[in-house]
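Engineer: I'll drop the sequence and a predicted model, then ask my questions.
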Amino acid sequence: MTASDKNLKNDTISPDQVQYWDQEHLIHPWSDLTDDPPEMTQISSADGIYLIDGHGNKLIDGPGGMWCVNIGYGRREMADAIADQVMKMTYSSPWFTTNETSALLGKKISDKAPGDLNNVFFTNGGSDAVDTALRFVQYRNNIMGRPQKKTILCREKGYHGSSYLAASVSGTGREHDRRFMDTHRDLVSMLPNINPYLRPKGTSLEEWCDAKIKDMEDRIISVGAENIGCFIAEPVLASGGVIIPPPGYHKRTRELCRKYDIVYISDEIVTAFGRMGHWFASEAVFGIQPDIITCAKGLTSGYVPMGAAIISDSLFKGFDHIDGSHPFTNGYTYSGHPVAARAALTNMEIMEREGIMEHVREISPYFQDRLRQIGDKYDIIGDARGMGLLGCLEGLASTSASEEARLRIDSHFGQMMDEACEKRGLLVRPIINMCVFSPPLIITRDEIDKLFDILEEAIIEVQNTI
């Protein structure tokens with residue numbers, strides 16, 4: 001055994017050693033590989049809504065992992081269920097076999113999903129779920145004799161994943177920097193930004209919504225409905241900066257899709273499983289029944305990876321009249337993984353038993369009220385927006401600010417807020433001139449106060465240093 005191997009088995013590995021190994025050997029998402037690796041915040045343990053860093057500091061997990069740790073950390077029930085399933089049956093091939101846990105989970109998800117969304121394809125995570133949904137639309141149109149009906153409508157600032165196809169339908173804003181990554185833009189028709197914060201002065205929300213519906217219908221007409229396979233949309237554009245479309249927008253886009261025979265995909269990878277206080281937000285919050293819903297993240301509360309594409313019965317109509325074999329040749333080694341399925345089932349059982357949906361609906365108005373108060377109170381905050389247990393603070397320089405100050409806020413506000421919050425015991429997610437947060441759904445009123453008290457202290461610090 002080498003000295004290095006002995007170090008790997010040492011129970012007293014120092015935080016500095018971990019940091020060194022991280023910088024020497026790991027590639028993190030969205031890393032600038034042309035620069036020296038940054039020092040990442042090192043997490044050693046977690047409990048409830050809190051993370052413990054490598055130096056023993058306790059931090060509120062503002063981003064909830066990556067929008068995903070809905071039931072919080074350290075759930076013994078989850079650990080026991082996962083361990084029990086590992087010992088009972090670790091794996092079964094989805095090509096040749098089925099298993100009890102994945103079948104039960106498929107039934108439970110279809111019971112919670114709106115309308116006739118009864119067909120569940122399990123994936124490894126959110127990007128795969130989006131890929132599956134988009135490929136199903138392509139497959140369906142091919143076997144229905146409409147091979148030209150392939151264009152995908154999507155919105156700027158939308159984010160749907162990092163795999164090739166999912167990245168292709170994600171918006172091209174700075175927060176989704178694709179300058180050095182290839183995407184398949186020939187398949188995509190990108191619609192303009194929906195963010196009401198950007199509407200011209202004097203434009204009402206109703207007028208802004210009218211304009212967004214018009215630009216979508218104009219695009220459908222110009223591209224040709226016979227060439228458009230689907231429209232993919234997030235109920236709330238999460239990674240774009242928690243963008244809430246204007247009231248009525250989702251219903252009207254759904255109506256356009258029906259009018260022009262375009263499949264409507266609701267990307268609920270962030271909003272499903274409680275973030276909005278419901279199992280799914282599409283119907284319960286926004287009043288629409290999509291043709292397909294994609295989900296991941298909160299499905300297992302981040303305890304193990306898993307995603308799903310949930311497809312409506314109506315999209316299978318017409319298949320009975322097609323002769324011959326037409327396999328849907330899309331699959332993953334770990335599709336319907338029994339351990340992941342057991343984690344998801346246990347996660348859902350905990351949510352039901354503890355009334356987490358009801359808790360989110362009860363606590364969200366207070367969370368949003370504290371968020372709006374910050375927006376009204378500090379000049380450096382251009383917009384404070386959110387819904388459910390999702391929030392975003394967007395920085396804005398005053399008209400009297402220097403050019404240097406404007407540039408710092410425009411490019412570094414999120415990072416400055418992250419640093420100011422972390423030293424006070426809170427992690428947020430920095431996105432250029434924004435900081436976003438989506439804490440575990442079990443957060444209490446007192447913990448919400450603590451979160452926003454820290455945010456306010458951080459804002460004052462940042463405002464004073466600009």
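Structural biologist: Happy to help now that I have it.
Engineer: For D182, give its distance to F367.
Structural biologist: Separation of D182 from F367 (Cβ to Cβ, to the nearest Å): 39 Å. Every residue, glycine included, has its C-beta placed from N, CA and C.
Engineer: So if I had to pick from the two, which one is more boxed in?
Structural biologist: When D182 and F367 are compared on other Cβ atoms under 10 Å, the one with more neighbours turns out to be F367, at 22 against 9.
Engineer: Tell me how this structure divides into domains.
Structural biologist: 41-71+355-465, 77-353 (automatic domain parsing).
Engineer: Compare those domains and report which one is nearest to I27.
Structural biologist: domain 77-353 (12.8 Å; Cβ to Cβ).
Engineer: for that closest one, how far is the first residue from the last?
Structural biologist: Domain 77-353 has an end-to-end distance of 12 Å (Cα to Cα, to the nearest Å).
Engineer: Next: stretch 22-42.
Structural biologist: End residues of stretch 22-42 are separated by 9 Å (Cα to Cα).
Engineer: What are the buried residues along stretch 401-418?
Structural biologist: Neighbour counts using 16 or more other Cβ atoms under 10 Å place A401, R408, I409, H412, F413, G414, Q415, M416, M417, D418 of stretch 401-418 among the buried residues.
Engineer: Those residues: which two are farthest apart?
Structural biologist: A401 and D418 (20.9 Å).
Engineer: ok, now which ones touch F280?
Structural biologist: Counting by Cβ atoms under 8 Å, 6 or more residues apart in numbering, F280 touches K112, A113, P114, E268, T271, A272, I293, C295.
Engineer: If we use 7 Å, what do you get?
Structural biologist: Taking Cβ atoms under 7 Å, 6 or more residues apart in numbering, we find F280 in contact with K112, A113, P114, E268, A272, I293.
Engineer: For the stretch 1-150 of the chain, which segments are assigned as helices?
Structural biologist: 3-8, 15-25, 64-67, 76-88, 100-112, 126-143 (DSSP state H, counting those that start in this stretch).
Engineer: Quick check: phi and psi on the most centrally placed residue in the chain?
Structural biologist: Nearest to the mean C-alpha position of the chain, counting by Cα atoms, centre = their mean, stands V270 at 3.4 Å. Main-chain torsions, V270, degrees, to the nearest 10: phi -90, psi -40.
Engineer: burial measure for the closest residue to N118 other than its chain neighbours, as a count.
Structural biologist: Leaving aside its chain neighbours, N118 sits nearest to S110 (4.4 Å; criterion: Cβ to Cβ, 6 or more residues apart in numbering). When neighbours are counted by other Cβ under 10 Å, S110 registers 15.
Engineer: got a list of what S110 touches?
Structural biologist: Going by Cβ under 7 Å, 6+ apart, S110 touches L117, N118, V120.
Engineer: my guess is the last one meets S312, correct?
Structural biologist: This points to V120. No - here V120 lies out of contact with S312, judged by Cβ atoms under 7 Å, at a distance of 11.3 Å.
Engineer: ok, the residue nearest to H184 when sequence neighbours are not counted - contacts?
Structural biologist: Of all residues not flanking H184 in the chain, S168 sits nearest, at 4.3 Å (Cβ to Cβ, 6+ apart). Counting by Cβ under 7 Å, 6+ apart, S168 makes contact with T183, H184, R185, L187, V188.
Engineer: So what sits opposite the last one in the bridge?
Structural biologist: Here V188 shows beta-bridge partners I152, assigned using DSSP bridges.
Engineer: Contacts only, for it.
Structural biologist: I152, C154, S168, V169.
Engineer: Next one: the last one relative to Q138, how far apart?
Structural biologist: As defined by Cβ to Cβ, V169 lies at a distance of 12 Å from Q138.
Engineer: So for these two, which sits in the more crowded spot?
Structural biologist: A count of neighbours by other Cβ under 10 Å puts V169 above the other of V169 and Q138, at 29 against 18.
Engineer: thinking the more buried one is in contact with I232, fair?
Structural biologist: Yes - between V169 and I232 a contact is recorded at 5.7 Å, counting by Cβ under 7 Å.
Engineer: list residues touching both of these two?
Structural biologist: Counting by Cβ under 7 Å, 6+ apart, the common neighbours of V169 and I232 are I152, C154, H160.
Engineer: Quick check: of those, which lies closest to N70?
Structural biologist: Out of the shared contacts of V169 and I232, the member with the shortest distance to N70 (by Cβ to Cβ) is H160, at 20.1 Å.
Engineer: For that closest one, grab the count of nearby residues.
Structural biologist: Around H160 there are 30 residues (other Cβ under 10 Å).
Engineer: For it, which residues are in contact?
Structural biologist: Applying Cβ under 7 Å, 6+ apart, the residues near H160 are V130, A166, V169, S170, I232, D267.
Engineer: swap in A133?
Structural biologist: I265, I292, T294, A309.
Engineer: Just among these, which is most surrounded?
Structural biologist: Neighbour-wise, the contacts of A133 (other Cβ under 10 Å) top out at T294, 32 neighbours.
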